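My questions concern the predicted model and sequence given below.
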Amino acid sequence: MREAYSALYELNEYVHDASDNEVKGLIVQLTGLEPESTTLKAMHASFKALNAYADFEAGPPSEAEEQKANGRSVADPEPKPQSQNEHFSAPQLRLGYTINLNLPNTSDVAVFNAIFKSLRDHLLPQARNE
């Protein structure tokens with residue numbers, strides 16, 4: 001709780017013992033949300049639900065407990081290196097554009113040819129080489 005809600009604990013180190021109104025006030029102070037917003041109510045409900053399961057009497061977790069929580073056993077403290085190809089794919093960025101043209105009211109085909117030639121030359125560089 002202290003790690004997940006560190007911003008609240010910076011304002012009040014005993015926020016887990018605070019009343020509902022005090023916790024809501026701290027959330028409002030941190031986020032600037034309106035006191036009656038549904039987002040504030042959801043954030044408070046999440047804090048309250050997690051707070052019910054938290055053990056504030058326990059000390060910090062031991063190294064073995066942290067490793068177990070991270071999916072490693074005590075006997076194997078170092079994670080095994082994975083090969084580069086295993087479970088790795090380079091991120092791909094794909095963009096799409098929508099171009100809306102307001103064409104002039106003309107029956108001259110040369111005007112349309114000039115517009116579309118210019119679009120092809122400037123927006124589709126690979127089309128120039130064909």
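Done, it's in.

Which positions within whatever helix or strand K41 lives in qualify as buried?
Here K41 sits within helix 38-53, counting by DSSP states H and E. Within helix 38-53, the residues that count as buried by 16 or more other Cβ atoms under 10 Å are 40, 43-44, 47, 51. Using the backbone N, CA and C atoms, a C-beta is placed for each residue, glycine as well.

Including pLDDT and distance to G25, could the residues you listed go into CSV?
CSV is the format used below for the buried residues of helix 38-53 (pLDDT from 0 to 100; distance: Cβ to Cβ, whole Å):
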residue, pLDDT, distance to G25
L40, 89, 10
M43, 90, 12
H44, 91, 10
F47, 89, 13
N51, 86, 16
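
Out of the residues you listed, which is nearest to Y14?
Nearest to Y14 among the buried residues of helix 38-53: N51, at 11.6 Å, using Cβ to Cβ.

for the closest one, what are its contacts?
1, 16 (Cβ atoms under 8 Å, 6 or more residues apart in numbering).

quick one, helices of this structure?
6-11, 20-31, 38-53, 63-69, 109-123, 125-128 (DSSP state H).

what sits up against the second one?
In this structure, residues lying in contact with helix 20-31 by Cβ under 8 Å, 6+ apart are 7-8, 11-12, 15, 18, 33-35, 39-40, 43-44, 47-48.

residues near N105, how many?
N105 is flanked by 5 other residues according to other Cβ atoms under 10 Å.

ok, L103 to F116 distance?
Note on L103: its distance to F116, by Cβ to Cβ, to the nearest Å, is 10 Å.
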